[in-house]
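Trainee: Test case, fold it:
(one chain, ligands or ions: 2)
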Amino acid sequence: MSFLEVRDLTVAYGSIQAVRGVSFCVGRGEIVSLIGSNGAGKTTTLRTISGLLRPVTGEILLDGEPLHRLPAHKILALGVAHSPEGRRLFARMTVEENLRLGAHTRRDELGIAADLERIYALFPALGMRQREKAGLFSGGEQQMLAIGRALMSRPELLMLDEPSMGLSPIMTRRILETVRELRESGTTVLLVEQNALAALSLSDYAYVIDLGRTTLSGTGTELLADPRVREAYLGDGVSS
Ligand SMILES: Nc1ncnc2c1ncn2[C@@H]1O[C@H](COP(=O)(O)OP(=O)(O)OP(=O)(O)O)[C@@H](O)[C@H]1O
Ligand SMILES: [Mg+2]
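Mentor: Ligands and ions are numbered 1, 2, ... in the order given. I've put the predicted structure just below:
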């Protein structure tokens, strides 16, 4: 059984159908990516898994149990954390205050303190600036903070929406290397990326979402070699 299974999901904003048939599976301990163009429905899919949006039809199962009728805080408590597109940090709050927001469902102060240390070890740039305000940070540092905040709930499934957005190639590599390390420490990762090359290189399995539907899937290596993926998402031009 898959750890996360999304079946025939459809989601709408009023009369706008944003997701029209998305299905995919994530196995425990895997990195699975969703790739697709702007407006394909990737963010909407993650927001629906988190319980921020309700599906019109379809099912979302975690370890076989339905998630799609639960409120967002229950989904978080079941071990699903979400680092949202655009990071959504609190600029006037410090690094530590932002990280603690990710632990708001927890009451174990000792465990929270240990996890803060773990995140400072994972991202030394944050550890050195614990009392500084998040708004002063570079894009890469803010992304580290957004991932760190999501990790503060000790998730079993970490969903990352465009972690490389706006980052330099070096910083992108650094963030994606951290994703690999998280998988090695047992966290399952669902990754949404515009940077298809980076995402596919890292992924055990990936799905292409096109106009609200999952259209192709395969291992990262298979999709990197697929001419349809190369042409649409990896910038291989058709020669004229
Ligand atoms: N709050 C909203 N209200 C109305 N329509 C929305 C809203 N958010 C997204 N949409 C529409 O839903 C569709 C899917 O958007 P979504 O943000 O899920 O795409 P995406 O794949 O994450 O795109 P991007 O790569 O640009 O982040 C788009 O057509 C978008 O315009
Ligand atoms: Mg998006």
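
Trainee: and the spatially most central residue of the chain, helix, strand or coil?
Mentor: Closest residue to the average C-alpha location of the chain: Leu160 at 1.6 Å, with Cα atoms, centre = their mean. At Leu160 the chain is in strand, as set by DSSP: H, G, I helix; E, B strand; the rest coil.

Trainee: Quick check: it touching Asn195?
Mentor: No: using Cβ atoms under 8 Å, Leu160 is not in contact with Asn195; the gap is 11.8 Å. The C-beta positions use only the backbone N, C-alpha and C, and glycine is treated the same way.

Trainee: Give the residues shared as contacts by those two.
Mentor: Here Leu160 and Asn195 share no contacting residue, scored by Cβ atoms under 8 Å, 6 or more residues apart in numbering.

Trainee: need the contact list for the residue nearest to the centre of the chain.
Mentor: Going by Cβ under 8 Å, 6+ apart, Leu160 touches Ser83, Ile147, Ala150, Val179, Val189, Leu190, Leu191, Val192.

Trainee: Can you pull the residues of this protein lying near ligand 1?
Mentor: For the chain, the residues in contact with ligand 1 (Cβ under 6 Å from any ligand atom) are 13, 16, 18, 36, 38-44, 85, 194.

Trainee: Filter these down to the ones in helices?
Mentor: Lys42, Thr43, Thr44 (DSSP state H).

Trainee: got a pLDDT number for the second one?
Mentor: Thr43 carries a pLDDT score of 96 in this model.

Trainee: For it, grab the count of nearby residues.
Mentor: Thr43: 19 surrounding residues under other Cβ atoms under 10 Å.

Trainee: Counting neighbours, what do you get for Lys74?
Mentor: By other Cβ under 10 Å, the residues close to Lys74 number 13.

Trainee: for the nearest residue to it once chain neighbours are set aside, phi and psi?
Mentor: Spatially, and ignoring its direct neighbours in sequence, Lys74 is nearest to Gly51 (7.3 Å; Cβ to Cβ, 6 or more residues apart in numbering). As for Gly51, its main-chain torsions (degrees, to the nearest 10) stand at phi 90, psi 10.

Trainee: what's the spacing between Gly51 and Val11?
Mentor: Distance of Gly51 to Val11, computed by Cβ to Cβ, to the nearest Å: 12 Å.

Trainee: Buried residues of the lengthiest helix in the chain, list them for me.
Mentor: Looking across the chain with DSSP H, the single longest helix is helix 169-184. Using 16 or more other Cβ atoms under 10 Å as the test for burial, helix 169-184 gives Met171, Thr172, Arg174, Ile175, Leu176, Thr178, Val179, Leu182, Arg183.

Trainee: Columns distance to Leu211 and pLDDT on top of these, output as JSON lines?
Mentor: JSON lines is the format used below for these (distance: Cβ to Cβ, whole Å; pLDDT from 0 to 100):
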{"residue": "Met171", "distance to Leu211": "31", "pLDDT": "83"}
{"residue": "Thr172", "distance to Leu211": "27", "pLDDT": "88"}
{"residue": "Arg174", "distance to Leu211": "33", "pLDDT": "84"}
{"residue": "Ile175", "distance to Leu211": "28", "pLDDT": "87"}
{"residue": "Leu176", "distance to Leu211": "27", "pLDDT": "90"}
{"residue": "Thr178", "distance to Leu211": "32", "pLDDT": "88"}
{"residue": "Val179", "distance to Leu211": "27", "pLDDT": "92"}
{"residue": "Leu182", "distance to Leu211": "31", "pLDDT": "90"}
{"residue": "Arg183", "distance to Leu211": "30", "pLDDT": "93"}
